[in-house]
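J.: Sharing a model prediction with you, sequence too.
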Amino acid sequence: MTAPLNLNRRLFLGAAGVSLAFAGRASAQSAAGPRNKMVVIIARGAMDGLSVTVPYGDPNYVPLRGGLAIPAPGQAGGALALSEGFGLHPSLAGLHDLYGAGQMRFAPAVAIPARIRSHFDAQDVLENGGEGLRQQTDGWLNRALAASGARYHGLSIGAQTPLILRGSAPTSSWAPGGKIDGGDRIASLLQDLYVDDPMLGANLARGLETEQMAMVAGDGAVRRNDVAGLGAAAARLMAGDQGADLVALSIDGWDTHARQLGQLQTRLTGLDQVIGGLHQGLGEDWDRTVVVVATEFGRTARANGTGGTDHGTGSSLLLAGGALKQGGPNSGMVGDWPTLAGTKLFEDRDLTPTLDVRSVFKGVLRDHMGVDRAALDTRVFPGSAAEAPACDGLV
Amino acid sequence: MPSESDVNAAIAITRFGLGARPGEIQRLTDPRGWLEGQIRSSGAANPPGRFDTSVERMQAFLDYQRDARQVRQARQDMPPATGAPPAMEAPAQAAFDARRDSRRNLVQDTAQEFLARAQLGATTDAGFAERWALFWANGFTVSATKFQSAVFIGQYEREAIRPHVFGKFENLAIAAEQHPAMLLYLDQAQSIGPDSRAGQRRNAGLNENLAREIMELHTVGADGGYTQGDVTEFARALTGWSVSTQRDQGLNPGALQQARYARGVQAAMRGEPGLNGFVYRAIVHEPGARTVLGKTYAAGEKDQGEAILRDLANRPQTARRLARRIAAHFVADDPPPSLVDRLEQAWTRSGGDLAVVARALVSAPESWSPQPAKIKTPYEFIVSAHRALDTSPQRIQPLQQALIAMGQPAFSAPSPEGWPDTAADWAGPDALVKRLDWSKTVADLARVADPNTVAANALGARLTERTRLAVARAESRPEALTLFLMSPEFQRR
């Protein structure tokens, strides 16, 4: 319903208020060549891992899931074959192509360290990087930015900055639909008004800077709810020396208590388009990129009475990107499969996790983004020294 | 220095209300009395206009579902496609059109409800009662992100929330949880007790969603001491809480009496209607006693779930949690502990009487600290801008576009947790750009003689010298108004 946006607007490169606000940051970045990039996609609402990385080879899958089970590869509407008895949901065809090119991995049974089934609490833990609730007030991606000095730029896509990227390190945010036409004078007048309100001042300056980049890139025309366009727009904001390197993006709507089959098809098609948009849009930078898709928890192993599933524990995590190493120990599945045997279910209802989601984040941050192990164990994920970075040889 | 009474007049209207219309602050001589006068046992006023009741709305919704079924049937009846897709047969096309039209009508009605609510906000003389109602609507969120619940949101706020916001919390909770909007939003309407008469006959079962969210979001909170077992037990007790289906329709009071006394499955499948389109369906209720949080509840139809809900509403964790949320909403993201204590005591002393809690809020000294700590939500910002400019939103489209851009689309909280409530949630970089963007548009269109007067009227003694000067020195009326709308003291409250 949002009309295509007005592109007839003046750019404000060099507008006094904006450039002053960023003088410090701009000069701190030397031309050190292209930087590696990491995109974290949070699937909010508890993504059903058992429908994303389908364990069709597990003899208990179909009995537990009944009509919600995704058929095995080769059957009508069947999964797209991965290794070791797993398949990708048929709506993830783009990701499956990446898998074929050695640019996708899957961890079929991961979870946050805390065993909770509240979306909001679990998302807090996923994003704050602590071992439990309310241990951190900022997010781990922000602390990773801080821990890597001023090397990287952080960006969230969406009208609100998610917890994962909140914290002391400055970040920016961007959502489609802007049409501010420069306003060089108003921006600087507002900075004068905000001298006693540093939060408003800093955030508005950052927002204007990102808006300017998006306008240069022509993203004013991206429509809201255009999920595919979101990936492409994010990719444009990641390009060049001023582009973002650590990016957080959310996709909502995974809480499939009822009518799960149709809902998941829509969400996964969107997810596939976002990753496709990043892949296409990043061009050469794709080879320096790792995309991580994670969710707060999985869903019950059994179907419920309403064509859906309820809040569970283990779910799957996906990795994609040109930076993933070809071959090697983690070329397909990451972590172990606990099986869906009755005795193996967590609390007799959920997929049991075999891998702490922080281990995967730590692995990517260490091997790909160059954050050192000590900082990961103490600052980025405090108290996580026992959880070694997973997936050696991933990137 | 402005006098304390001038500051308090401005605080009463801007912090507790939805901002000042011209002259409002100047007229206010007794700020606390003005706030207390809005605390009425009848609740908060409803938006003006004639809208359907839930029962009327349910009929429209069932008509829509019937049309949708016919579309599906018509599609199945179509011959398999060979080559180019054939034009739709006439009956199929008619069914398709009917479905599209009824869906559009349902959506438009809900949009009109939202517009009416915004108009009430822009014009009401009881801004505090309105904010208090919005707070509780958010505490018991139903979101239009799900079509079925979108259909009933206007009714939900008018029937379940607004009449109860100054009554006992447990009654508000019952009204909210039993409303069709909530029962559809959190999947309760389809939950079936596995050992109920209906459950034994077919492969259907429990849905825990409502039970869990009542505990986690509406009452005791995630750290309220309950276990997965308590959630499941509560979910079993709630089975039978449902909404009308086609089968229940056409039950006039006479037929209803008959149905009650009739025997057999047909009669039992028919629900027992309650308020606002709620239906209790005994045939899906899980039989037996239930134990929740250590207390056992004897077997008992619809009342069993109600008894558990009332107990949850009256637990100390609920008082503590909601006292904090009220303080965090009205006063500061991280509210003074002494204020939270006061509200909690008022809650506990009065047995969860929300009028008493509201009075405690407006009489607490912590509530009147001069510094504006809270960032307005996008809705509060837009409504307060209308009030400052002495206008009222006339069309849903521009209102909705502005709300989408700022991150708070109409009636569409992202999850059952409702809208977030901190500065970090609403004043991120992009959100501020969108606020500036909207402010410029509004300032360009506004017909205002003197922006200096607008700013002085809207903020009273809260207008800072810095903002006053910036507005006075602006090079144009639109620039002056933009600066006023984006000033820290107008963005905050």
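T.: Happy to help now that I have it.
J.: could you pull out the strands for the chain?
T.: No chain specified, so I'll use chain A. Listed in chain order, the strands found in chain A under DSSP state E are A:37-43, A:53-54, A:80-81, A:87-88, A:104-111, A:154-157, A:171-174, A:246-251, A:289-295, A:315-320, A:355-356.
J.: if you could check chain B rather than the one you did, that'd help
T.: The residue ranges that make up the strands of chain B, judged by DSSP E, are B:241-243, B:272-273, B:278-280, B:290-292, B:295-297.
J.: which residues touch stretch A:88-100?
T.: Stretch A:88-100 has contacts (C-beta atoms under 8 Å, 6 or more residues apart in numbering or on different chains) with A:51-54, A:70, A:77-80, A:82, A:104, A:106, A:264-265, A:268-269, A:271-273, A:275-276, A:279, A:318, A:320. For glycine as for every other residue, the C-beta is placed from the backbone atoms N, C-alpha and C.
J.: 7 Å instead?
T.: Outside stretch A:88-100, the residues within contact range by C-beta atoms under 7 Å, 6 or more residues apart in numbering or on different chains are A:51-54, A:70, A:77-80, A:82, A:104, A:264-265, A:268-269, A:272, A:275-276, A:318, A:320.
J.: Likewise for stretch B:151-162?
T.: Contacts to stretch B:151-162, defined as C-beta under 7 Å, 6+ apart, come from residues B:43-44, B:46, B:51-54, B:57, B:61, B:106, B:110, B:113, B:133, B:136-137, B:140, B:142, B:144, B:175-176, B:179-182, B:184, B:276, B:411.
J.: first to last residue in it, what's the distance?
T.: End-to-end distance of stretch B:151-162: 18 Å, with C-alpha to C-alpha, to the nearest Å as the criterion.
J.: again, but for stretch A:388-395
T.: 16 Å.
J.: for that stretch, what is the average pLDDT?
T.: Averaging the model's pLDDT scores along stretch A:388-395 yields 69.
J.: Could you tell me how many residues sit around B:Gly33?
T.: Burial of B:Gly33, expressed as a neighbour count using other C-beta atoms under 10 Å in any protein chain shown, amounts to 11.
J.: pLDDT below threshold where in the chain?
T.: Just going to use chain A. Regions of chain A meeting the criterion pLDDT under 70 cover residues A:1-32, A:134-135, A:159-160, A:177-184, A:215-228, A:327-331, A:390-393.
J.: You answered for a different chain; I wanted chain B.
T.: Residues of chain B that meet the criterion pLDDT under 70 lie in B:1, B:75, B:78-89, B:91, B:203, B:246-271.
J.: domains of it?
T.: Per automatic domain parsing, the structural domains of chain B span B:4-36+B:375-491, B:54-79+B:89-183, B:186-313, B:316-368.
J.: Redo these as JSON lines? Include distance to A:Ile157.
T.: As requested, the domains of chain B are arranged in JSON lines below (distance: least, C-beta to C-beta, whole Å):
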{"stretch": "domain B:4-36+B:375-491", "distance to A:Ile157": "9"}
{"stretch": "domain B:54-79+B:89-183", "distance to A:Ile157": "19"}
{"stretch": "domain B:186-313", "distance to A:Ile157": "26"}
{"stretch": "domain B:316-368", "distance to A:Ile157": "24"}
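J.: what's around the residue nearest to B:Ala144 when sequence neighbours are not counted, how many residues?
T.: For B:Ala144, the nearest residue in space outside its immediate sequence neighbours is B:Ala150; the separation is 3.5 Å by C-beta to C-beta, 6 or more residues apart in numbering or on different chains. As a burial measure, the neighbour count of B:Ala150 was computed by other C-beta under 10 Å and equals 23.
J.: Test my guess that B:Ala150 contacts B:Gln108.
T.: No: using C-beta atoms under 7 Å, B:Ala150 makes no contact with B:Gln108, being 11.3 Å away.
J.: before we move on, the earlier item: for A:Ala114, find the nearest of the domains of chain B.
T.: Distances from A:Ala114 to each of the domains of chain B were compared using C-beta to C-beta; the minimum, 10.9 Å, belongs to domain B:186-313.
J.: so what's A:Arg349 up against?
T.: Under the criterion of C-beta under 7 Å, 6+ apart, the neighbours of A:Arg349 are A:300-302, A:312.
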